[in-house]
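*Asks:* here's a sequence, model it:
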Amino acid sequence: RRNALRSSLSKTFLFKATEHGKITLYRGSVEGGYEKIFDQNIHITGLDLLENKSQAVITYSTLTIPSRVALLDLETEEITDLYDPNEKFFQEHQVSKPERFWFKSVHDWDIQGWYVPPVEAAEKHPVILYIHGGPQVSYGETFFHEMQALAGAGYGVILLNPRGGSGYGQEFVASILNNYGDEDYQDLLNGTDYVLEKYPSIDPDRVYVAGGSYGGFMTNWMVTHTNRFKAAVTQRSISNWVSFYGTSDVGPSFVEFQLGRDLTDVEGLWKMSPLAHAENAQTPLLVLHGEEDYRCPQEQGEQMYRAMKKQRVETRLVTFPQSSHGLSREGLPNLRMERLEEIVDWF
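*Replies:* So this is what the prediction gives:
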């Protein structure tokens, strides 16, 4: 019976991969090799293969669809929707339709991005460069509630995948190791310039910047290295790699792998810290932090706040009780709403 069971087991399996902001689907073989069987501009969030092996029930999202249940034909890539839990909501509400683009950056590398225009089109509208965390993650072909909320409030939102993120190959993802805030920083500025040129309806005098985690580090880096942004919001951020090494739940392993340094090179870690360049800051800064964030501890946000006060830069610190590093995605609903309100109010 065991031999019969073994012989009946399939020698192939399915796996997902992130490629250029999409979740592509592959069929692999236990004997080696693989083939791509699904490649569309959607984000597959769940998959259950049916007994016939040629179909799967999936949950998925897109740039304008939060979630649907569907039947996926693995032979034709055809998707048949089965259930839309948000059907009634979208009969009464509008969402913005993001537009994808590519641009050239440092070393002539191709960098991908998306622009989320305001829900209600307006001439000379403000825009927010929103920097993702990680950095080994990426924006992509999925529904971003926060960006849609900002678009509904009248803002355009720039989403970029600078070098260092996933989905574009190993050279791309490893390119910023030991060198945060250099070519990734230039990618973000170059992408902002590209969007401002491509969308003349954006008001160049009302360009803002925001980000969380690595994006919070980069926001802190932005305000201490350029004055081009009208205001900024840094969230669950990193401001001081020296104290981060000793207080973060991943401090030693993260810093040593990502920055190639430990506490034997305090000077090197300090130079890579936004706090070391705080004397250059002039951009009004809102600091948001969860009080139970062990990944980027609260002291990181507090240090940035103190540095801005020292420079007499307009600043505000808001901390959230019972809130971890994942506040924006899995925090208490009332605090998630309050966080969004703080961002819009600040800008």
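
*Asks:* and the residue nearest to Asn220 when sequence neighbours are not counted, how many neighbours?
*Replies:* Excluding its sequence neighbours, the residue lying closest to Asn220 (CB to CB, 6 or more residues apart in numbering) is Pro274, at 3.6 Å. C-beta: built from backbone N, CA, C; applies to glycine. A total of 29 residues lie near Pro274 under the criterion other CB atoms under 10 Å.

*Asks:* next one, pLDDT for the closest residue to Asn86 other than its chain neighbours please.
*Replies:* Excluding its sequence neighbours, the residue lying closest to Asn86 (CB to CB, 6+ apart) is Pro66, at 5.4 Å. pLDDT, Pro66: 97.

*Asks:* can you pull the contacts of Pro66?
*Replies:* Applying CB atoms under 8 Å, 6 or more residues apart in numbering, we find Pro66 in contact with 86, 143, 145.

*Asks:* and it, which of the three is it?
*Replies:* Put simply, Pro66 is coil when judged by DSSP: H, G, I helix; E, B strand; the rest coil.

*Asks:* buried members of the contacts of Pro66 into PyMOL, please.
*Replies:* Filtering these down to the buried ones (16 or more other CB atoms under 10 Å) takes a single PyMOL command:
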select buried, resi 143
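
*Asks:* which of the contacts of Pro66 lies closest to Thr319?
*Replies:* His145 (22.5 Å; CB to CB).

*Asks:* so, low pLDDT: which residues of the chain?
*Replies:* For the chain, the stretches with pLDDT under 70 are 1-9.

*Asks:* what residue lies at the spatial centre of it?
*Replies:* Note on the chain: the residue nearest the mean C-alpha position is His132, at 2.7 Å, using CA atoms, centre = their mean.

*Asks:* wait, that one touches Gly216, no?
*Replies:* No: contact criterion CB atoms under 8 Å: His132 and Gly216 do not qualify, at 10.6 Å.

*Asks:* mutual contacts of the two, please.
*Replies:* Counting by CB under 8 Å, 6+ apart, His132 and Gly216 have no contacts in common.

*Asks:* shouldn't Trp102 be within a strand?
*Replies:* Yes: per three-state DSSP, Trp102 lies within a strand segment.

*Asks:* identify the bridge partners of it.
*Replies:* Beta-bridge partners recorded for Trp102 (DSSP bridges): Gln112.

*Asks:* got a markdown table for the contacts of Pro66, with secondary structure and distance to Thr192 too?
*Replies:* Shown next, in a markdown table, are those (DSSP: H, G, I helix; E, B strand; the rest coil; distance: CB to CB, whole Å):
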| residue | secondary structure | distance to Thr192 |
| --- | --- | --- |
| Asn86 | coil | 32 |
| Phe143 | coil | 23 |
| His145 | helix | 23 |
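
*Asks:* what's near enough to touch the residue nearest to the centre of the chain?
*Replies:* Contacts of His132 by CB under 8 Å, 6+ apart are 138-139, 159, 161, 165, 211, 214-215.

*Asks:* by neighbours, which of the residues you listed wins?
*Replies:* Gly165 (28 neighbours).

*Asks:* could I get the phi/psi values of that one?
*Replies:* phi -90, psi 170 (degrees, to the nearest 10).

*Asks:* and the helices in the stretch 151-300 of the chain?
*Replies:* Counting by DSSP state H, counting those that start in this stretch, the stretch 151-300 of the chain has helices at residues 170-174, 183-198, 214-223, 241-247, 251-259, 266-271, 298-310.

*Asks:* looking at those, which one is packed in the most?
*Replies:* Mean neighbour count (mean count of other CB atoms under 10 Å) peaks for helix 214-223 among the helices of the stretch 151-300 of the chain, with a mean of 28.

*Asks:* roughly how far is that helix from the heart of the chain?
*Replies:* How far helix 214-223 lies from its chain's middle: 13 Å, per CA atoms, centre = their mean, to the nearest Å.

*Asks:* quick one, that helix and helix 251-259 angle?
*Replies:* 60 degrees (axes from the mean of the first three to the mean of the last three CA atoms, to 10 degrees).

*Asks:* ok so, going back, which one of the contacts of His132 sits closest to Leu196?
*Replies:* Closest to Leu196 out of the contacts of His132 is Leu159 (14.7 Å), distances taken as CB to CB.

*Asks:* great, nothing more from me.
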